[in-house]
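Colleague: sequence? don't have it. structure:
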DNA sequence: CCATATAGTCAAGTAGCTTGACCACTTTGG
DNA sequence: CCAAAGTGGTCAAGCTACTTGACTATATGG
């Protein structure tokens, strides 16, 4: 098995585990894509257009995604402090709870790997991946 | 940035690069999901049901995907040698060319990483990921 | 042989996007 | 200061890649 196949398989596995962990902690009706939205919203919120750029989709698509998470109580639309056209999307308390749940699930998955590989090798993995992965908009893995 | 985020970002980046490489080599109208189908079909073909299980979708969904790649000349449906109900989906010559193009693109991306990390570290990355990634059906990364 | 299971397809429905049109507000520059 | 162009957001319609449900053809096990 090649590096590329292993990487994609590991990413798929991780996504699945995070999602299962989030559901197990009582947050339903969410898809993995929402997690990336939450991550972008968590530090201070974002506009719909910024969110769309981050997720690699149109602002209309992002707006629909925001509709969903607002309807489920994870976020809310506030007037933007500096621009009357814009709205600042911010997480609610429930949204922050859910974000923490996702972080815990991710940490759990990584901890399971640490048992297989050992702490040192996990750190090496992390460092290698960090040097590979560029910052920027999220891309769907497939 | 955490390991999990780096892993997902690297996987997204890789998928994007493979896809770009495949397009650059003249194979259009394909999505990343098709690559996983090709990988399953390459060694001796598979039935629609097997393909669906591998891709984590229903047999109807897999059948529609097969319709597409057959229409574009990448695969063909043959009678199954042992079971008159079933059909064996096999890659055409063009399908095998496309599979090779994808492998080349993946190798190119990995080679670029090797320049950043060095051969040894890439091998370490590969080994670590292989010990993490289980075999089994493909899961969408999100 | 007959009952049940399995492979595949057809048809209709759905979710999650896209594109296009539009309004509200902001920025730019003469 | 104001007109023109740009930007943020939404609404509506359409599309695509799936899903579920129903069905036919073949296989399998008692």
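Modeller: Received it, and whenever you're ready, just let me know what you need. From a predicted model like this one, the values you see are computed outputs, not experimental measurements.

Colleague: contacts made by the helix or strand hosting residue A:68 with the rest, please.
Modeller: Element membership for residue A:68, per DSSP states H and E: helix A:59-71. Residues from elsewhere that reach helix A:59-71 (CB atoms under 8 Å, 6 or more residues apart in numbering or on different chains): A:30, A:33-34, A:37-38, A:48-49, A:51-52, A:55, A:57, A:75-77, A:89, A:95. Every C-beta, even on glycine, is put in place using the N, C-alpha and C of the backbone.

Colleague: again, but for stretch A:22-33
Modeller: A:15, A:18-19, A:35, A:55, A:65, A:69, A:72, A:74, A:97-98, A:101-102, A:104-105, B:140-142.

Colleague: report the buried residues of the longest helix along chain A.
Modeller: When chain A is parsed with DSSP state H, its longest helix is helix A:93-117. Under the neighbour-count criterion of 16 or more other CB atoms under 10 Å in any protein chain shown, helix A:93-117 has A:95-96, A:98-99, A:101-103, A:105-106, A:109-110, A:113-114, A:117 buried.

Colleague: near chain B, anything from it?
Modeller: Yes - Helix A:93-117 reaches chain B (CB under 8 Å from any CB of the partner chain) through A:106, A:109, A:110, A:113, A:116, A:117.

Colleague: of those, closest to DNA strand C?
Modeller: Set against DNA strand C, the nearest of those by CB to the nearest atom of the strand is residue A:106 (20.5 Å).

Colleague: just the pLDDT for the nearest residue to that closest one once chain neighbours are set aside.
Modeller: Excluding the flanking residues, the one nearest residue A:106 by CB to CB, 6 or more residues apart in numbering or on different chains is residue B:4, at 4.2 Å. We have a pLDDT of 89 for residue B:4.

Colleague: return the helix or strand in chain A with minimum mean pLDDT.
Modeller: For chain A, the helix or strand with the lowest mean confidence is helix A:119-132, at a mean of 86 (criterion: mean pLDDT, DSSP states H and E).

Colleague: that one - contacts with which helices or strands?
Modeller: In terms of contacts (3 or more CB pairs under 8 Å, 6 or more residues apart in numbering or on different chains; DSSP states H and E), helix A:119-132 is packed against helix A:93-117, helix B:3-24, helix B:93-117, helix B:119-132.

Colleague: can you rerun that using 6 Å?
Modeller: Here helix A:119-132 touches helix B:3-24, helix B:93-117, helix B:119-132, going by 3 or more CB pairs under 6 Å, 6 or more residues apart in numbering or on different chains; DSSP states H and E.

Colleague: what does it rub up against?
Modeller: Residues outside helix A:119-132 that contact it (CB atoms under 6 Å, 6 or more residues apart in numbering or on different chains) are A:113, A:114, B:3, B:6, B:7, B:10, B:113, B:116, B:117, B:121, B:125, B:128.

Colleague: which residue packs closest to residue A:80, ignoring adjacent ones?
Modeller: residue A:86 (3.8 Å).

Colleague: so that neighbour touches residue A:79, yeah?
Modeller: No - in this structure, residue A:86 is not within contact of residue A:79 by CB atoms under 6 Å, at 8.3 Å.

Colleague: before we move on, back to that, with distance to residue B:24 added, can I get the contacts of helix A:119-132 in a markdown table?
Modeller: A markdown table is the format used below for these (distance: CB to CB, whole Å):
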| residue | distance to residue B:24 |
| --- | --- |
| A:113 | 34 |
| A:114 | 39 |
| B:3 | 31 |
| B:6 | 26 |
| B:7 | 26 |
| B:10 | 21 |
| B:113 | 19 |
| B:116 | 21 |
| B:117 | 24 |
| B:121 | 27 |
| B:125 | 25 |
| B:128 | 30 |
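
Colleague: more neighbours, residue A:86 and residue A:79?
Modeller: Neighbours were counted for residue A:86 and for residue A:79 using other CB atoms under 10 Å in any protein chain shown; residue A:86 has more, 14 against 9.

Colleague: got the residues of chain A near DNA strand C?
Modeller: A:31, A:33, A:56-58, A:60-61, A:64-65, A:68, A:83-85 (CB under 7 Å from any atom of the strand).

Colleague: keep those, but drop any that are not near DNA strand D.
Modeller: Restricting the residues of chain A next to DNA strand C to those near DNA strand D - CB under 7 Å from any atom of the strand - leaves A:60, A:83, A:85.

Colleague: export these to a markdown table and tack on distance to residue A:43?
Modeller: Formatted as a markdown table, these follow (distance: CB to CB, whole Å):
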| residue | distance to residue A:43 |
| --- | --- |
| A:60 | 24 |
| A:83 | 19 |
| A:85 | 22 |
